[in-house]
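> structural data only, the sequence is not supplied:
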């Protein structure tokens with residue numbers, strides 16, 4: 001009999017380090033010493049109040065926590081492109097970048113402040129992978145093109161895709177686990193994919209997907225994390 005091994009997927013946090021810490025504590029309790037890993041699905045920054053703190057925690061991941069596999073989201077891509085001068089300042093600010101700058105103690109109305117964003121954070125973002133694949137599932141921020149192999153996927157699809165409503169699409173025999181498309185009533189579960197984004201930064205309710213590494217398909221459990229505030 002295969003030993004129990006779990007993957008815990010944490011979707012879009014958007015500056016809510018409080019929800020991330022609560023989620024990890026719940027995951028540690030839930031795994032109860034069994035083999036486990038955590039995949040974070042991107043969108044750590046923007047909109048919420050503690051983007052810099054989340055990046056600090058991900059970079060300095062405590063050794064006592066389950067191993068971390070962080071992925072890039074489209075908001076990290078926007079932040080990096082803007083701070084490197086490849087995108088318009090106003091575009092990022094309109095998408096929640098002002099709150100990220102404020103988390104560094106910087107003025108969100110002054111483009112010159114971009115030079116003061118932590119270099120270690122920008123390097124971390126640059127190095128983030130776009131996808132995590134195991135035997136039964138594909139973990140990604142936004143989605144995948146089911147008509148292309150995983151090696152042929154474009155960054156734009158992986159970071160920005162929106163599935164049609166009620167879409168059942170997975171990727172071949174693999175179940176797709178993603179965030180990006182916020183639904184306060186989430187998670188949204190179909191036969192081929194699970195969307196975990198429940199607009200946690202605004203609603204204070206984060207849904208973590210629990211996946212048995214030995215069993216194909218969707219989640220075997222969900223952990224609902226609710227902010228006490």
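Received, thanks. No experiment lies behind these values; they were computed from the predicted model shown.
> residue 21: helix or strand, and which one exactly?
helix 17-31 (DSSP states H and E).
> check residue 157 too.
Assessed by DSSP H and E, residue 157 sits inside helix 155-160.
> re the thing from before, next SSE downstream of the helix holding residue 21?
Sequence-wise, the next helix or strand downstream of helix 17-31 (DSSP H and E) is strand 35-40.
> which other residues reach the helix or strand just after that next one?
Per DSSP H and E, strand 35-40 leads on to helix 51-59 as the next helix or strand towards the C-terminus. Applying CB atoms under 8 Å, 6 or more residues apart in numbering, the contact partners of helix 51-59 are 13-17, 20-21, 40, 44-45, 68, 70, 99-100, 103-104, 118, 120-121, 124-125. C-beta here means a position set from N, CA and C on the backbone, and glycine is covered the same way.
> helix 51-59 versus helix 17-31: what angle between them?
30 degrees (axes from the mean of the first three to the mean of the last three CA atoms, to 10 degrees).
> so what does the helix holding residue 21 touch, helix or strand wise?
If you count contacts as 3 or more CB pairs under 8 Å, 6 or more residues apart in numbering; DSSP states H and E, helix 17-31 packs onto strand 5-10, strand 35-40, helix 51-59, strand 205-212, strand 221-226.
> now tell me what touches it from outside.
6, 8, 10, 13, 36, 38, 50, 53-54, 57, 65-66, 200, 204, 206, 208, 210, 221, 223, 225, 227.
> buried subset of those, written for PyMOL?
Buried members of the contacts of helix 17-31, defined by 16 or more other CB atoms under 10 Å, are picked up in PyMOL with:
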select buried, resi 6+8+10+13+36+38+50+53+54+57+66+200+204+206+208+210+223+225
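> show the pLDDT at residue 75.
As predicted, residue 75 sits at a pLDDT of 98.
> could you do the one 4 residues further on as well?
What the model reports for residue 79 is a pLDDT of 98.
> swap in residue 156?
Residue 156 carries a pLDDT value of 98.
> check which element follows the helix holding residue 157 along the chain.
Per DSSP H and E, the first helix or strand lying C-terminal to helix 155-160 is strand 175-178.
> so what strands line up beside that next one?
strand 137-140 (parallel), strand 193-195 (parallel) (DSSP bridges).
> could you dump the ones you listed into CSV and include mean neighbour count?
Shown next, in CSV, are the strands paired with strand 175-178 (neighbours: other CB atoms under 10 Å):
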stretch, mean neighbour count
strand 137-140, 26
strand 193-195, 25
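> and the angle from the helix holding residue 21 to strand 5-10?
Going by the same axes, to 10 degrees, helix 17-31 makes 160 degrees with strand 5-10.
> now the angle from helix 17-31 to strand 35-40?
160 degrees.
> what's the spacing between helix 17-31 and its chain's center?
Distance of helix 17-31 from its chain centroid, counting by CA atoms, centre = their mean, to the nearest Å, is 15 Å.
> try stretch 119-130
14 Å.
> kindly report the same for stretch 121-140.
Worked out by CA atoms, centre = their mean, stretch 121-140 lies 9 Å from the chain centre.
> so the nearest residue to residue 163 once chain neighbours are set aside versus residue 213, what's the distance?
In space, residue 163 comes closest to residue 143 once its chain neighbours are excluded; the distance is 5.7 Å by CB to CB, 6 or more residues apart in numbering. In this view, residue 143 and residue 213 are 22 Å apart by CB to CB, to the nearest Å.
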